[in-house]
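Engineer: Dropping the sequence and predicted coords here.
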2 protein chains.
Amino acid sequence: MAPSAVTPAGIEPASALTAAAVSQKLNGSAPTLRPLDASKLTFSRTTAPMAVPELDDPIIKTSSQGTDHMITCKWTDTSGWEAPELRPYGNLSLAPTASVLHYSTECFEGMKLYRGYDGKLRLFRPDANCMRMLISATRISLPAFDPEQLEILIKQLVAIDGEKWLPKSRPGHFLYLRPAMIGSGAGLGVGAPKEATLFVIAIFMPVIGSSPQGMKLLASRENEVRAWLNGTGYAKIGGNYGPTLMANSEAQSRGYDQILWLYGEDARVTEAGASNFFVVWRTREGKLQMTTAPLGDKIILDGVTRRSILQLSRERLADGTSGLEAIEVVERNFTMGDVAEAISEGRMVEAFAAGTAYFVCPVSEINFKNQALSIPMAGGESGEYAAMIKQWLVNIMYGKEDHEFGIVVEEKNEL
Amino acid sequence: MAPSAVTPAGIEPASALTAAAVSQKLNGSAPTLRPLDASKLTFSRTTAPMAVPELDDPIIKTSSQGTDHMITCKWTDTSGWEAPELRPYGNLSLAPTASVLHYSTECFEGMKLYRGYDGKLRLFRPDANCMRMLISATRISLPAFDPEQLEILIKQLVAIDGEKWLPKSRPGHFLYLRPAMIGSGAGLGVGAPKEATLFVIAIFMPVIGSSPQGMKLLASRENEVRAWLNGTGYAKIGGNYGPTLMANSEAQSRGYDQILWLYGEDARVTEAGASNFFVVWRTREGKLQMTTAPLGDKIILDGVTRRSILQLSRERLADGTSGLEAIEVVERNFTMGDVAEAISEGRMVEAFAAGTAYFVCPVSEINFKNQALSIPMAGGESGEYAAMIKQWLVNIMYGKEDHEFGIVVEEKNEL
């Protein structure tokens, strides 16, 4: 039976999560609740400013060193959003019955703040992250918000902390930004959270995934699955991550960097660790293609880096003017069988993972059913397409190329 | 290819989570780490004792009122388990980078403490909950522990708080116990938690699910799924709950109590809300059967109430001596098609949901593909089998029947 027959006419199942459903949630159900309003931000400067770690400080490897301040904002189902606060970085106090601790009512975003070679601070497509966070929040029954207001709050935090924590003396470096929302109210009932807390923190994070040997991936086995049809793979919610850690630990103990997540009996290739996955290969007809899994099944994350790579590659690699052979960019399902065949027939050109944390990361090997499949890396540390794409993104992020993806943030180290 | 060919010989994939894998995790990897040791429990009595709510206090409906004390115990990957603490009930302080807030590194148990009509306090099969918590913790990359030590800690908490918070003047009442474990260490890296916190709280919870009209279930639609083959449906981890809240809210807004979770193209019946689901029906050959979904696919939770109902029914309903017609107890997959046919052919006898929170809850209606299917309730508020089973359990829980499932807890209101 068609889904339309299952639901009363005119009611879109909330799980469809179309733009319309999000918009309905945003505007429809509770018009009397206060919306998220960045203009109401209150400021309370820390009285115990921390020291900025040196670039070789081991604390950076722990991904736990924040900056002096954070943004927090509370929501209740009776009043809506309170005034957001910029306040000293510090612990959150949660009732032991808080929803997030039991039912995984949590979602997040991963972004970076870049210190440009021109001295400016930039974000990369923050609008895309804020929109995705709204989709994730809606999926996990956390409250909706205007994504533009979240973007303003993020900019406020980095405007205040950027100068000290990502100084002009560190061009080419970044801080990791983590907007997150959690079900923070007390109460063990299994139901949509009655209270939520949005927070934004800026964290030191090591450069990861850029080994000169390339990334080695362990393909998931038949008894392992990350996401599934009609599930939540497309949303950036905690429940997509915790269950993958066991396979991940096992991969690392066997000398691999990440799991390559396969799906279904035909072993469709979906994601690499917490990144999207791309192959560059030649069809049997001799056509050069860059291929990544499609979004339609909602199994993979709609990565901002993924989306940007697709757009830039379509713009810049279609006609051969880049200096590299022209390439066709394709979003479609493909299987480990396809990958193995392309390798054995000499048609695999390169492969790479792409995401905010791992950035653009060449892949040199995939272990599939206990066989090591080698991926070419153009004889060096990266395939040529991955290297070119990475350079485009670096140029945009660090101000070497003026591009609409790179958003300059004004700094104002005064409250 | 068989799974054994995918993994090096002799290495069981951790995801198989057999008893052997759990045991290996418990004993194998880090023998120098301190084990969880209930005998090291420290006591610090509250200096601000709270008032016990009256039975009609609206706070009970919020499932947020704890007792005076809680158990907490910290684990680190460098030292293992610290000494557990019995300490005043209160908030947990977590770094905003804590693993549990982002990656859903969390698991829990649901149990009840019963005040018997004989004046004694009892737990119901606490060993089963503690063993399942170990399985859940292992699956979500939280540390292992000896489940017997957790059981001792739970008993210590209720021994101290039971007399005041579930007084002898309230026979037939219960407190809800929630053991839980979370990834509590600071650090945003996507990896197994380096620090964890185990805690146990006792909470007032309303009696739910016992409407005289019976429970009304909305069958999940084709675009909704709770758990999947080779996924985590069998583990009591947060990530199995948050994603279901959206469908649940929609069900409630349409007048249903819970979602009946179906699985696969053949619409297999799995769980009702966060409970297991049973039908009592007659085969076309005239045999009376009680049927519930099997555990083999690891899609459903291995419920303690489920397991107990199966065992008691096999012991007491097989030969007709119960006063009700003899019944065969069957764990097998069945579909909504089977259910609809049995109803239309007059072979459905009754159906009920069963779990710790909802207890034994007769089902009167299932909405499947927008058709309301009525389930008989023996002309009253419950089918006869559900009523009898419920009474058996009540008798064991509240001390009217001496049975190995009912574990008496000694009370000692002194530290």
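Structural biologist: Alright, I've got the coordinates.
Engineer: Skipping adjacent residues, who's closest to the spatially most central residue of chain A in space?
Structural biologist: The C-alpha lying nearest the average C-alpha coordinate of chain A belongs to residue A:110 (Cα atoms, centre = their mean; 4.7 Å). Computed as Cβ to Cβ, 6 or more residues apart in numbering or on different chains, the closest residue to residue A:110 that is not its neighbour in sequence is residue A:356, at 4.4 Å. Every residue, glycine included, has its C-beta placed from N, CA and C.
Engineer: So residue A:342 lies in a strand, does it not?
Structural biologist: No - residue assignment for residue A:342, taken from DSSP: H, G, I helix; E, B strand; the rest coil, gives helix, which places it outside any strand.
Engineer: Now for it: which residues touch it?
Structural biologist: By Cβ atoms under 8 Å, 6 or more residues apart in numbering or on different chains, the residues touching residue A:342 are A:279, A:281-282, A:348.
Engineer: and the lengthiest helix in chain A, how far from the chain's centre?
Structural biologist: Identified as the longest helix of chain A according to DSSP state H is helix A:147-165. With Cα atoms, centre = their mean, to the nearest Å as the basis, helix A:147-165 stands 18 Å off its chain's centre.
Engineer: Which positions within it qualify as buried?
Structural biologist: Taking 16 or more other Cβ atoms under 10 Å in any protein chain shown as the neighbour-count basis, helix A:147-165 is seen to contain the buried residues A:147, A:149-162, A:165.
Engineer: Now flag whichever of these is closest to chain B.
Structural biologist: Sorting those by how near they are to chain B, with Cβ to the nearest Cβ, puts residue A:157 at the top with 12.3 Å.
Engineer: Surely that closest one touches residue A:198?
Structural biologist: No - in this structure residue A:157 lies outside contact range of residue A:198 using Cβ atoms under 8 Å: 12.0 Å.
Engineer: From residue A:391, how far out is residue A:337?
Structural biologist: For residue A:337, the distance to residue A:391 equals 33 Å [Cβ to Cβ, to the nearest Å].
Engineer: Residue A:273 too?
Structural biologist: In terms of Cβ to Cβ, residue A:273 sits 23 Å off from residue A:391.
Engineer: which of those two has more neighbours?
Structural biologist: The residue with the greater number of neighbours, taking residue A:273 and residue A:391 and applying other Cβ atoms under 10 Å in any protein chain shown, is residue A:273; the counts read 27 against 13.
Engineer: Correct me if wrong: that one contacts residue A:258.
Structural biologist: Yes - contact between residue A:273 and residue A:258 holds when scored by Cβ under 8 Å: they sit 3.1 Å apart.
Engineer: shared neighbours of the two, anything?
Structural biologist: A:217, A:248, A:353.
Engineer: List the ones among those that fall in helices.
Structural biologist: With DSSP H as the criterion, helices contain residue A:248 from among these.
Engineer: Of the shared contacts of residue A:273 and residue A:258, grab the buried ones for PyMOL.
Structural biologist: One line in PyMOL is enough to select the buried ones among the shared contacts of residue A:273 and residue A:258; burial here means 16+ other Cβ under 10 Å:
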select buried, chain A and resi 217+248+353
